[in-house]
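**Student:** What follows is a predicted structure for the sequence shown.
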Protein chains: 4
Amino acid sequence: MGMVGGGRGAFIGSVHRMAAALDGEINLVCGAFSSNPKKSKLSGKDLLIPANRVYNSYQEMILAEKQLPEGERMDFVSIVTPNHVHFGPAKMALENGFHVVCDKPLCFNMKEAKVLQKLVKKTGLLFALTHNYTGYPMVKQAKMMIKNKAIGKIRKVVVEYPQGWLSTRLESSNQKQAAWRTDPKKSGIAGAMGDIGTHAENLAEYITGLKIKRLCADLNTFVKGRKLDDDGNVLLQFDNGAKGILFATQIAAGEENNLRIRIYGEKGGLDWSQQTPNSLIVRHLDKPMEIMRAGVGKQYAETQNAMRIPAGHPEGYLEAFANIYKNFARSLTAHLQGKKPKAVDLDFPTVADGVRGMQFIEKVVASSKSNSKWMTVDG
Amino acid sequence: MGMVGGGRGAFIGSVHRMAAALDGEINLVCGAFSSNPKKSKLSGKDLLIPANRVYNSYQEMILAEKQLPEGERMDFVSIVTPNHVHFGPAKMALENGFHVVCDKPLCFNMKEAKVLQKLVKKTGLLFALTHNYTGYPMVKQAKMMIKNKAIGKIRKVVVEYPQGWLSTRLESSNQKQAAWRTDPKKSGIAGAMGDIGTHAENLAEYITGLKIKRLCADLNTFVKGRKLDDDGNVLLQFDNGAKGILFATQIAAGEENNLRIRIYGEKGGLDWSQQTPNSLIVRHLDKPMEIMRAGVGKQYAETQNAMRIPAGHPEGYLEAFANIYKNFARSLTAHLQGKKPKAVDLDFPTVADGVRGMQFIEKVVASSKSNSKWMTVDG
Amino acid sequence: MGMVGGGRGAFIGSVHRMAAALDGEINLVCGAFSSNPKKSKLSGKDLLIPANRVYNSYQEMILAEKQLPEGERMDFVSIVTPNHVHFGPAKMALENGFHVVCDKPLCFNMKEAKVLQKLVKKTGLLFALTHNYTGYPMVKQAKMMIKNKAIGKIRKVVVEYPQGWLSTRLESSNQKQAAWRTDPKKSGIAGAMGDIGTHAENLAEYITGLKIKRLCADLNTFVKGRKLDDDGNVLLQFDNGAKGILFATQIAAGEENNLRIRIYGEKGGLDWSQQTPNSLIVRHLDKPMEIMRAGVGKQYAETQNAMRIPAGHPEGYLEAFANIYKNFARSLTAHLQGKKPKAVDLDFPTVADGVRGMQFIEKVVASSKSNSKWMTVDG
Amino acid sequence: MGMVGGGRGAFIGSVHRMAAALDGEINLVCGAFSSNPKKSKLSGKDLLIPANRVYNSYQEMILAEKQLPEGERMDFVSIVTPNHVHFGPAKMALENGFHVVCDKPLCFNMKEAKVLQKLVKKTGLLFALTHNYTGYPMVKQAKMMIKNKAIGKIRKVVVEYPQGWLSTRLESSNQKQAAWRTDPKKSGIAGAMGDIGTHAENLAEYITGLKIKRLCADLNTFVKGRKLDDDGNVLLQFDNGAKGILFATQIAAGEENNLRIRIYGEKGGLDWSQQTPNSLIVRHLDKPMEIMRAGVGKQYAETQNAMRIPAGHPEGYLEAFANIYKNFARSLTAHLQGKKPKAVDLDFPTVADGVRGMQFIEKVVASSKSNSKWMTVDG
């Protein structure tokens, strides 16, 4: 693995590194850790990367690594930069034969997204997008239960992602994470909706197996002087006729990362929260509700594949994140050996999820500006 | 107290009677317990009401009681019938000088609502509407905290009322509660939105002190053959600029009465759920969240007035309901003695809340049919 | 109902009155509300009791009411005084033909307890002891589940009642509730163990249907100057071989009335907490745990008899307390009509529970002073 | 790092490996993964260890690695075998100059424990015992709060570790984990008390900074045919006069790893549960309780040192386990560089904790057999 971004002071870079390291199947062998070459060098040193494989730019890294003999050069690029530096390295990596793991959202707009999607198709390379919340075991359990009709036809989906950390104008205090996320040049056309709304959208589509078909959005900017939305409420319609609500906000004072999804079907309901990720509440029409806990009782192979330790040992965010890397690594190993990856290993978000996310961003922003109620989401 | 409705087999009638009895300040002295005179008689007998004060109709009751000497006749009428029998007895009671406690929603439409509102104003009689959820101590604590700027200016309100009991077509199985609630002739133009959406609307306006100014609604009927909405999602805009979401549904399989409200302000957030009514979660920008429990620590007089027992003894639905009766009774006692009721005793929902509720019902139904995004809510 | 105690400023007196009033089946007709005749009169006036039936002492009340014609005089005495004034009025009431409801613990010692037990047996009068926590619907559900082998043979019981209100020397600040509870002359030989430890003991025996056979206690007084225990830990052995732990404390800073019981059997476990009384957690060997909620799904008749409203409407402490009064009243009505009370109505704690409680108090105090490990609990 | 044990099919071995890998500061370079040389080889291959450093026995490993040049040979031994194979490799490693990480409990009896303690002292080598629950951030926060008098002098400690997985005679079904844990030859003189009771004991002493001074134990074997305790209840007395309860059980049907500790002091209480590890409940005398969440608000440096990601990203069992390895690795790095490790890095359980654990095991077993109430715990 070669890393783009994630130098000193970055948050998500170290998350990617720990996630990749956890299962002992991936080695970080090189990186362009910062657009600032000096900072890149220092970061590489911190990480015990040989100096000759710490690069000044992702361009340099991709070209240099390509020259190395197979087996020695990096197998894939992990892109952990702010949004505006996703498209460039992803495109160049694919064009040069490298597989890609990329942080979300995929890129800046549908045009870029389509370019990447075509490249992935054309090259046959593997592409993982780190919509990490889909990596939790009980999320996979929920997905499999729905697939197997445990709650019947889905009628209603309520997905929410409240955060409170942008309740004040944090970006004006030089806080790096806040700064780029609220800057349209680095974040794109959406703020909260792009940063966390897409997680909610992706989770809803992943678990239900449905697609959002129409939406009606109301985006808001509550903090004065902020340039992008910091809050949004969206009515949803799914392709099977189900209805729903999605909200994502970064001004919900006092909330951490309270991502939650509730899905109601004709026969029951599922309820999962990221802050208690090892539990899945299952509601029934005429029976007591169950608290399904990771590893307790009979669960799907997909669920078990996402767990490292038996019931009663809470697994968290890093383990879920690592599940994307683990599945990607196993699929990649199969691929490199000329084999077809196992279905269970192909369970990670791909460029197609990235395209859906860009679609979602463009549509909620357009809908929010429109006086018409419903906006159709293509594809 | 004279009761209209609430005969054998009714649900809410006995709730009203227990709520009225709890504090020993109200006696049930007469009633027209059913539109079926025989059933009314039998119900009166069950309740140990002297036979001569069990009436065949509310009309008979109002006229007969009026003939009794003051002090002997009922002081007020309690209307606990299905929606279509609210307006008639409420109007006639007011016209004949009786104070009124009426179940919600107030009546059938804005026209009727305005008639009642004018009558209340003209007669100076007391009128309580049993939006019972406002009776919970921690709801009052939340209201007072907001009034006293504990969480700063309000930005976002999320209020929800999921139920699951109408997930199947229960009304076709002769279940009385389901039957009238899904019948437009008895329930009015809205189903779930009228039955429980109005509770959510009332709770949001009560706690925040704000008014819903615009809304965008999407009502649904998921159960085949049902004539009224059994689900609805609504985007909200409040008169101070706050935004929000309201949803009410009766097809959320497995949910009981999961009324919950979250309010986020510039400095913090409040979170209250009817199923754990003695707790109020208080979130802060940079401090651990608190679980405020009824009676623990210093709380507002309004909160304490709504509690009967010290901290640690859970109070529930009946106690909250009884708070409306208790406050009404104390205001009425003052009124009958020619005194001005105390402010703390006037803390019960009135005809004005009923008018807001009818307004809400009419606007969500209209909005749901409209292709325009926002619908203005007057008054 | 005639009341002994419960005058102005009392806590438990008003609880008894509300509990008795809730179902409209009991009227408070007379009382000796205080040992101070003047205070008794004022309290009677507050409660709208005719002056001639407000008595200066319980002795006066019992004798005077006895002179009134049947049907007019009180049917039973409700004793809501501090512990040292339980035995006197209970004995005199029984001797004069009045049925009794008495607050817990029954009296001061086993000798008194045996006197009352014999009197009840001899007179055939009804006697209810208000171990109110047994009145909760989900407690009854737990009892019935165990009776019907839902969790198999019981192996372990953990029952605990932490409170924090006596963490400081509250009794020295003239707080009435604290004062008598920490005064051996009014409370008896035990403090926390008598006040709340007996609730825990009673709950454990009620739900499990087992008897505590041996115990090993360690009582403590943490607050300097206090004369009775304010904390205690007890190892338990039940008559079927099950083992357990009971702890009761009033110095668990910040706790309200956190009564909780967990029972583990060969096939599963039950877990109930007074602060979330409408839920019962059911654990299984190899299945997800269930949260059984009052009124949801099929439940025992005994459970349903203890509920007044359908699922989703939380019921609390007063409703549970009222279930003792309701069952007592219905049994009494049958008794007065010369009928045998229904089994479901006889579900209230009796003098026998009071004897067990006194036994428990005497044994934990003795055990705490002993250097031997186990102390046998007779009878 | 060289590993003893943890071959194919082992549970705790892979936990140690993931914990060691997470932060990228430790490499697994060799191992004797099984007492079965063939299995050791295969396991080494799975783990991509060069064949020449996969050994047939720990003895072989220690001697062979010792021959390698410094910098190339393993720096420390990680012992992840069942209890009966702790003492041997630990002793030999220390005697040959290798630092040690050892799973708990330390060994088989106090005699062995003392030998190891003396060796550690004599050699100056680092020794970490993986009482992993002390690695959770909120456990460290609790410890620091108590140290800084946040809840005043401690009065009561309730620590419990219920599991349900040994509710049936799992050991007779060839389940490896159950088999050795219930076999006195492999587990030692205690079953549940050794396996998880020592975790509870260690957690209580770690957080409070107190020592258990006296105890009164009642150990039970509920499953027929089992040779060791599967349940135990213990009364505690601490060296500051605080009292408490410890229970550990493996027959609490339906429980996972529900380790919980409650500590009450003169001014407040703390409450932490392993199944919701990112929260710490803080109770106060006269204020609402707080839910302190990892990373929210100002927390101690020791807490922050134990977190890898900001608030809102749940961390779990592996992260807590990894904190022991991380601190050990950093202390070791300092040690190898001839520096004094930082205090914050020395925050991991040591051989002294192991001695306390052995002491606890011997005393609870002795107490359980005794008819005297209290048993003194030395040292």
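**Tutor:** Here it is on my side, so go on. It should be emphasised that the depicted structure is a prediction, and the values quoted were computed from it without experimental measurement. Numbers count the residues shown, from 1 in each chain, chains lettered A, B, ... in the order given.
**Student:** so A:E160 touches A:N257, yeah?
**Tutor:** No: between A:E160 and A:N257 there is no contact under C-beta atoms under 8 Å: 11.2 Å. Where C-beta positions appear, they are placed from N, C-alpha and C, glycine not excepted.
**Student:** Looking at these two, which is more packed in?
**Tutor:** A:E160 (23 against 20; other C-beta atoms under 10 Å in any protein chain shown).
**Student:** quick check, that one in a helix?
**Tutor:** No: counting by DSSP: H, G, I helix; E, B strand; the rest coil, A:E160 is not found in a helix; it is strand.
**Student:** dump the residue contacts of it.
**Tutor:** Each residue near A:E160 by C-beta atoms under 8 Å, 6 or more residues apart in numbering or on different chains is listed here: A:A200, A:I245, A:L246, A:F247, A:A248, A:N258, A:L259, A:R260, A:I261, B:V158.
**Student:** What's opposite it in the beta bridge?
**Tutor:** Beta-bridge partners for A:E160, by DSSP bridges, are A:F247, A:R260.
**Student:** hey, where'd the strands end up in the stretch 151-300 of chain A?
**Tutor:** Taking DSSP state E, counting those that start in this stretch as the criterion, the stretch 151-300 of chain A carries its strands at A:154-162, A:212-220, A:231-238, A:243-249, A:260-265, A:268-273, A:279-284, A:289-293.
**Student:** What helices and strands are in contact with the fifth one?
**Tutor:** Helices and strands in packing contact with strand A:260-265 are listed as helix A:137-147, strand A:154-162, helix A:198-208, strand A:268-273; criterion 3 or more C-beta pairs under 8 Å, 6 or more residues apart in numbering or on different chains; DSSP states H and E.
**Student:** Against B:C107, how distant is the residue of chain A most remote from its centre?
**Tutor:** Most distant residue from the mean C-alpha position of chain A: A:D286, 35.9 Å away (C-alpha atoms, centre = their mean). Distance of A:D286 to B:C107, computed by C-beta to C-beta, to the nearest Å: 34 Å.
**Student:** and what of A:N240?
**Tutor:** With C-beta to C-beta as the criterion, A:N240 and B:C107 are 38 Å apart.
**Student:** what about those two, which has more around it?
**Tutor:** Using other C-beta under 10 Å, the more surrounded residue of A:N240 and B:C107 is B:C107, with 27 against 13.
**Student:** Figure out the helix or strand that that one lives in.
**Tutor:** Under DSSP states H and E, no helix or strand contains B:C107.
**Student:** separation between it and B:T134?
**Tutor:** For B:C107, the distance to B:T134 - C-beta to C-beta - is 19 Å.
**Student:** Is stretch A:211-220 in proximity to chain B?
**Tutor:** Yes: interface with chain B: stretch A:211-220 contributes A:C216, A:D218, A:N220 (C-beta under 8 Å from any C-beta of the partner chain).
**Student:** buried sites along that stretch?
**Tutor:** A:I212, A:K213, A:R214, A:L215, A:C216, A:A217, A:D218, A:L219, A:N220 (16 or more other C-beta atoms under 10 Å in any protein chain shown).
**Student:** same check, this time on stretch A:138-147
**Tutor:** Residues of stretch A:138-147 classed as buried: A:M138, A:V139, A:K140, A:Q141, A:A142, A:K143, A:M144, A:M145, A:I146 (neighbour count, 16+ other C-beta under 10 Å).
**Student:** Assess the claim that the first one and A:A294 are in contact.
**Tutor:** The reference is to A:M138. Yes: counting by C-beta under 8 Å, A:A294 is a contact partner of A:M138 at 5.7 Å.
**Student:** Would you map the helices across the stretch 251-379 of chain A?
**Tutor:** A:301-305, A:317-336, A:351-369 (DSSP state H, counting those that start in this stretch).
**Student:** at contact distance from chain D, anything in the shortest one?
**Tutor:** No: for helix A:301-305, no contact with chain D is found by C-beta under 8 Å from any C-beta; the gap never falls below 14.3 Å.
**Student:** Report the backbone C-alpha coordinates of that helix in PDB.
**Tutor:** Taking C-alpha atoms only, helix A:301-305 is exported to PDB below (Å, rounded to 0.1, in the frame of the first residue of the first chain):
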ATOM      1  CA  ALA A 301     -21.700 -15.600   7.300                       C
ATOM      2  CA  GLU A 302     -21.400 -12.000   6.200                       C
ATOM      3  CA  THR A 303     -21.800 -10.900   9.800                       C
ATOM      4  CA  GLN A 304     -19.300 -13.400  11.100                       C
ATOM      5  CA  ASN A 305     -16.800 -12.500   8.400                       C
END
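**Student:** For it, give the mean pLDDT please.
**Tutor:** Mean pLDDT, helix A:301-305: 95.
**Student:** What residues of that helix count as buried?
**Tutor:** So for helix A:301-305, counting by 16+ other C-beta under 10 Å, buried means A:E302, A:T303, A:N305.
**Student:** circling back to that earlier point, tell me which of the contacts of A:E160 is nearest to D:D353?
**Tutor:** A:N258 (36.6 Å; C-beta to C-beta).
**Student:** For the closest one, give me its contacts.
**Tutor:** Going by C-beta under 8 Å, 6+ apart, the list of residues near A:N258 reads A:E160, A:Y161, A:P162, A:Q163, A:A252, A:S273, A:Q274, A:Q275, D:G312.
**Student:** And A:I62, by the same measure?
**Tutor:** Contacts of A:I62 by C-beta under 8 Å, 6+ apart are A:V77, A:P89, A:M92, A:A93, A:N96, A:F98.
**Student:** Contact distance from chain C - what residues of chain A qualify?
**Tutor:** Going by C-beta under 8 Å from any C-beta, the residues of chain A near chain C are A:V282, A:D286, A:K287, A:P288, A:M289, A:E290, A:I291, A:M292, A:R293, A:V296, A:G297, A:K298.
**Student:** For ChimeraX, what selects the buried ones among the residues you listed?
**Tutor:** Listed next is the ChimeraX selection for buried residues among the residues of chain A next to chain C, using 16+ other C-beta under 10 Å:
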select /A:282,288,289,290,291,292,293,296
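**Student:** Return the member of the residues of chain A next to chain C nearest to B:A204.
**Tutor:** A:M289 (26.4 Å).
**Student:** In the sheet, which residues pair with the closest one? Tell me.
**Tutor:** Going by DSSP bridges, A:M289 forms beta bridges with C:I291.
**Student:** Report pLDDT for it.
**Tutor:** 97.
**Student:** A:D378 now?
**Tutor:** For A:D378, pLDDT reads 82.
**Student:** How about A:S78?
**Tutor:** 98.
**Student:** Could you spell out the sheet neighbours of the helix or strand containing it, each with its direction?
**Tutor:** Element membership of A:S78 [criterion: DSSP H and E] is strand A:76-79. Within its sheet, and counting by DSSP bridges, strand A:76-79 is paired with strand A:2-4 (parallel), strand A:99-102 (parallel).
**Student:** which residues are in contact with that strand?
**Tutor:** So strand A:76-79 is in contact with A:1-6, A:16, A:20, A:58, A:61-62, A:85-86, A:89-90, A:93, A:98-103, A:126, A:328, A:332, going by C-beta under 8 Å, 6+ apart.
**Student:** now the next helix or strand along the chain from that strand: how far from the chain's centre is it?
**Tutor:** Later in the chain than strand A:76-79, the nearest helix or strand by DSSP H and E is helix A:87-95. The chain centroid and the centroid of helix A:87-95 are separated by 18 Å under C-alpha atoms, centre = their mean, to the nearest Å.
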